[in-house]
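S.K.: Give me the fold of what follows.
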Amino acid sequence: MTAGRKSSDKRKWKWIATVTTDSTHPPPGLFTKSAPTIAKVLASKEVSPKGPASGMRMLTYFVNRAGRGLSALRRAELERAKALLSKRIQRDKTRKGQS
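M.R.: Next up, the predicted model:
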C-alpha cells in the first residue's frame with residue numbers, strides 16, 4: 001500500500017502519473033518493427049544516450065504498459081528484441097571488463 005492511501009479509496013491509483021524521467025527517445029512506430037531493428041535502435045546513442053540498458057528499460061516499460069493489448073506475435077517479437085538487447089548489454093559489459 002502506498003503511503004497516504006487508504007484501502008477504502010475507490011479511485012484507481014495510476015503509478016504512470018509518477019514517472020518523471022525522460023532518458024530515451026524512441027522514434028514513433030519503432031515497436032512495430034522487427035526484433036533486430038528494435039534492439040539496434042534502442043542500443044544506439046541517439047535513442048539511449050546512457051547506453052543500451054536505458055533502451056532495455058524503455059522496451060520493458062513499453063511491454064508492461066501495453067499489457068493485454070499486445071497480440072501474441074507482437075509480444076513474442078518484443079521479447080525477442082529484449083533477448084537481443086540483453087546479449088548486447090552483456091557483450092558490452094564483457095568488453096568493458098577486458099579493457
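S.K.: C-alpha from now on. contacts and neighbour counts both.
M.R.: Noted.
S.K.: Give me the buried positions along stretch 47-55.
M.R.: Residues of stretch 47-55 classed as buried under the neighbour-count rule (16 or more other CA atoms under 10 Å) are V47, S48, P49, G51, P52, A53, S54, G55.
S.K.: Give me the residues contacting that stretch.
M.R.: With contact meaning CA atoms under 8 Å, 6 or more residues apart in numbering, stretch 47-55 is reached by 23-27, 41-45, 85, 88-89.
S.K.: Which of those fall in strands?
M.R.: Judged by DSSP state E, strands contain none of the contacts of stretch 47-55.
S.K.: Would you show me how to pick out the buried ones of those residues in PyMOL?
M.R.: Applying 16+ other CA under 10 Å to these leaves a buried subset, and the PyMOL line that selects it is:
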select buried, resi 24+26+41+42+43+85+88+89
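S.K.: secondary structure class for K50?
M.R.: Assigned with DSSP: H, G, I helix; E, B strand; the rest coil, K50 falls in the coil class.
S.K.: Identify the farthest-apart pair in the buried residues of stretch 47-55.
M.R.: The distance between the two most remote of these (CA to CA) is 11.4 Å, for V47 and A53.
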